[in-house]
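[1] sequence? don't have it. structure:
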Ligand code: SF4
């Protein structure tokens, strides 16, 4: 395999490379995505869309994008608002460090760049939460700079087009893909080309069931010609995810539920969740009442364990057991910072992670049935 790749790199300025860009551009103009709300927008909106589109599909992002720009129409508006408001508008999109980085970055742009999104590639790359491919996409779309992108879709497409074996997240394979991405860049029409690569990766050269018969690259796609499409890209080496357990204490007082703000870093950083406790501290369900009295000053009468469910993060699995506790003497004032009682309806509008949203929706639905 090493020799074959070396030959590819030596020949990267051949007519095949030039043709590649022409075909991508032509295909984008005829079949690519047009009229996306951030296309042709200013750098702030392009940046926002690129961050939202990381790990999330276009169709999911569009309503979030509209709500976000309606609430935070400028970098200054985003910087001036609270992290809670930003997270609440992100709630449901997942990977919340993206939202926290957006917020801090907006504040940094206010301080360092007088509120104007920086135009130079190196300045964009220096901003928190913006990697090489995202910086390149912003440069290409907002400033028409000639920069190569290499997001997940493009990695897959190039790995197939050049029949490059090996996991694309591995450093040496990724370096090789970057070389290819750079070598294939056209001299002009970089924004259309970049959109075309993204569109082709998302719509045609998909992870499963790629649409090779309608692909503009089919004639010289090495994977297609060599019958290797199903094998490429090489899957990530399988590893067993570690498992963790947590008990969610759902303390209810009439329509209100107790929520706790999570630390800024780590999973669900800065989001509101029911208090969580390591199950080893609750050897029996009744221990939960004693725990709540000790930590939150509340007595509770009925304690009910709901079914355990699993939420999978990229690096571990979390088994969650929710315990429902009916509070009987809620303290009039919350002693601890980072704790709040909130009506379940209002809690659903707050910055909460998806599993908590589902739990609250179940509580809400249960109440309606009562
Ligand atoms: S021919 Fe098939 S495998 Fe090759 S780039 Fe096109 S869609 Fe992907």
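    Sure, I can see it. Since we're looking at a predicted model, the values are computed, not measured.
[2] tell me which parts of this protein are close to the ligand?
    Taking C-beta under 6 Å from any ligand atom as the criterion, the chain approaches the ligand at residues 157, 160-161, 204-205, 210-212, 215, 217-218, 221, 223-224, 229. Placement of C-beta: from N, CA and C, glycine included.
[3] Narrow those to just the buried residues.
    157, 160, 161, 204, 205, 210, 215, 217, 221, 223, 224, 229 (16 or more other C-beta atoms under 10 Å).
[4] if I look at the third one, how far off is residue 210?
    Just to be clear, that refers to residue 161. 11 Å (C-beta to C-beta, to the nearest Å).
[5] re earlier: out of the residues of the chain next to the ligand, list just those in strands.
    Here DSSP state E is the test, and those give no hits in strands at all.
[6] Between all of the buried ones among the residues of the chain next to the ligand, which two are at the greatest distance?
    Spanning the widest gap among those are 204 and 223, at 13.1 Å by C-beta to C-beta.
[7] pLDDT score assigned to the residue of the stretch 51-200 of the chain found nearest the ligand?
    At 3.9 Å from the ligand, residue 160 is the closest residue in the stretch 51-200 of the chain, using C-beta to the nearest ligand atom. With respect to pLDDT, residue 160 scores 98.
[8] got the contact list for the closest residue to it other than its chain neighbours?
    Excluding the flanking residues, the one nearest residue 160 by C-beta to C-beta, 6 or more residues apart in numbering is residue 223, at 3.9 Å. For residue 223, the contact set (C-beta atoms under 8 Å, 6 or more residues apart in numbering) comprises 159, 160, 161, 163, 229, 231, 232.
[9] Quickly note the distance from the second one to residue 88.
    Distance, residue 160 to residue 88, using C-beta to C-beta: 40 Å.
[10] got any ranges where the chain has weak pLDDT?
    Flagging of the chain using pLDDT under 70 yields the residue ranges 1-17, 283-286, 332-335, 367-370.
[11] can I see the domain layout of it?
    Here the domain parsing of the chain from automatic domain parsing is 2-231, 243-369.
[12] Deepest-packed of those, please.
    domain 2-231 (a mean of 17; mean count of other C-beta atoms under 10 Å).
[13] any idea how far that domain is from the chain center?
    In terms of C-alpha atoms, centre = their mean, to the nearest Å, the centre of domain 2-231 is set 13 Å apart from its chain centre.
[14] Could you do stretch 254-267 as well?
    In terms of C-alpha atoms, centre = their mean, the centre of stretch 254-267 is found 21 Å from the chain centre.
[15] can you offset everything so residue one is 8?
    All set: I'll call the first residue 8, so the last point we hit is now stretch 261-274.
[16] end-to-end on that stretch?
    Using C-alpha to C-alpha, to the nearest Å, the end-to-end distance of stretch 261-274 comes out at 29 Å.
[17] do stretch 96-111 as well
    15 Å.
[18] ditto for stretch 72-85
    End-to-end distance (C-alpha to C-alpha), stretch 72-85: 13 Å.
[19] which residues are contacting that stretch?
    44-45, 51-52, 55-56, 59, 88, 92-93, 96-97, 109-110, 113, 116-117, 122-124.
[20] mind redoing it with 7 Å?
    The contact list for stretch 72-85, computed with C-beta atoms under 7 Å, 6 or more residues apart in numbering, reads 44-45, 51-52, 55-56, 59, 88, 93, 96, 109-110, 113, 116-117, 122, 124.
[21] residues in contact with residue 162?
    Contacts of residue 162 by C-beta under 7 Å, 6+ apart are 175, 184, 240.
[22] What does the residue in the stretch 258-377 of the chain that the ligand sits nearest to show for phi and psi?
    Distances between the stretch 258-377 of the chain and the ligand by C-beta to the nearest ligand atom are smallest at residue 321, namely 25.4 Å. Residue 321 adopts backbone torsions of phi -60, psi -30, taken as degrees, to the nearest 10.
[23] Same check on the one 4 residues further on?
    Here the main-chain torsion angles of residue 325 (degrees, to the nearest 10) amount to phi -110, psi 120.
[24] beta partners for it?
    Counting by DSSP bridges, residue 325 forms beta bridges with residue 251, residue 318.
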